[in-house]
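Take this sequence and fold it.
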Amino acid sequence: MPYDRIIQIVRQEGEKMNTPLPMIGIVSNENPLSVDVKGMTIEDDQLFKVYSFLPNEQISLSNPTTTNNIANLVKPFAKGQTVILFPTIDKGKFVVMKVVE
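Numbers count the residues shown, from 1 in each chain. This is a model prediction of the structure:
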């Protein structure tokens with residue numbers, strides 16, 4: 001087997017086993033959400049959003065959306081905010097979370 005073919009196989013197998021690295025991005029648009037990272041823009045339909053709140057962080061309850069009497073409190077990402085993105089294993093989508101500095 002040629003040496004370059006062995007290298008190709010090792011790279012392919014290694015890529016399957018390695019978790020993609022997280023990236024830092026900047027929110028470029030709030031609604032729909034888009035994030036700029038490494039010279040590219042990742043659009044809303046490519047993002048799984050994680051909303052988390054700090055213990056003393058206040059959120060507005062004036063207009064919660066409800067489904068089956070369960071309130072869904074959504075605090076959007078703010079334009080210019082730093083976020084962290086975790087690529088999914090298939091590299092088609094990203095999990096995006098707020099960065100707490």
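
next structured bit after the helix or strand bottoming out on mean pLDDT in the chain?
Counting by mean pLDDT, DSSP states H and E, the chain has its least confident helix or strand at strand 70-72, which shows a mean of 49. Next helix or strand after strand 70-72 toward the C-terminus (DSSP states H and E): strand 82-87.

Now tell me what touches the next helix or strand after that next one from outside.
Tracing the chain past strand 82-87, the next element assigned as helix or strand by DSSP H and E is strand 94-98. Contacts with strand 94-98, where a contact means Cβ atoms under 8 Å, 6 or more residues apart in numbering, come from 25, 33, 35, 42, 46-52, 77, 81, 83-88. For every residue, glycine as well, the C-beta is placed using N, CA and C.

buried stuff in strand 94-98?
By 16 or more other Cβ atoms under 10 Å, the buried positions in strand 94-98 come out as 94, 96-98.

who does it pair up with?
Sheet pairing of strand 94-98 (DSSP bridges) gives strand 47-50 (parallel), strand 82-87 (antiparallel).
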